[in-house]
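What would the 3D arrangement of this be:
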Amino acid sequence: MTNTLLKAFKTIEETADDVLELISKFVDVNTFFLAKNDKKEVNIVRAYNRDDVVLPTGFETLYRDSF
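The predicted structure follows:
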């Protein structure tokens, strides 16, 4: 029997969109995000900004400058 309740994701971006949408329903904050971090650079894969854009999707910075 196939479980049709599970959703298959093709990309990390697609997954992030669904996860951030779900979290936004339960967490009352302005900004949260999913990032890739290789200890050299940080890349914001997807960002959720409720009211004010604090951190945009696609933002990149050096790891040493992120805090």
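
Just the CA trace of the helix or strand bottoming out on mean pLDDT in the chain, in PDB.
Scoring the helices and strands of the chain by mean pLDDT, DSSP states H and E places helix 12-24 at the bottom, with a mean of 91. Extracted as PDB, the C-alpha positions of helix 12-24 are listed here (Å, rounded to 0.1, in the frame of the first residue of the first chain):
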ATOM      1  CA  ILE A  12      15.800  22.300  -1.000                       C
ATOM      2  CA  GLU A  13      14.200  25.600  -2.100                       C
ATOM      3  CA  GLU A  14      10.800  23.800  -2.600                       C
ATOM      4  CA  THR A  15      11.200  22.200   0.800                       C
ATOM      5  CA  ALA A  16      12.200  25.500   2.400                       C
ATOM      6  CA  ASP A  17       9.100  27.200   1.000                       C
ATOM      7  CA  ASP A  18       6.800  24.700   2.600                       C
ATOM      8  CA  VAL A  19       8.600  24.500   5.900                       C
ATOM      9  CA  LEU A  20       8.700  28.300   6.300                       C
ATOM     10  CA  GLU A  21       5.100  28.600   5.400                       C
ATOM     11  CA  LEU A  22       4.200  26.100   8.100                       C
ATOM     12  CA  ILE A  23       6.400  27.600  10.700                       C
ATOM     13  CA  SER A  24       5.000  31.100  10.000                       C
END
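
Which SSE is immediately downstream of that helix?
strand 31-37 (DSSP states H and E).

List the buried residues for that next one?
Using 16 or more other C-beta atoms under 10 Å as the test for burial, strand 31-37 gives 32-35. Every C-beta, even on glycine, is put in place using the N, C-alpha and C of the backbone.

about what we covered before: on contacts alone, who are the packing partners of the least confident helix or strand of the chain?
strand 31-37, strand 41-49 (3 or more C-beta pairs under 8 Å, 6 or more residues apart in numbering; DSSP states H and E).

Just list what the first one packs against, helices and strands only.
Here strand 31-37 touches helix 12-24, strand 41-49, going by 3+ C-beta pairs under 8 Å, 6+ apart.

With the longest one instead?
The elements that strand 41-49 packs onto, with contact taken as 3+ C-beta pairs under 8 Å, 6+ apart, are helix 12-24, strand 31-37, strand 60-62.
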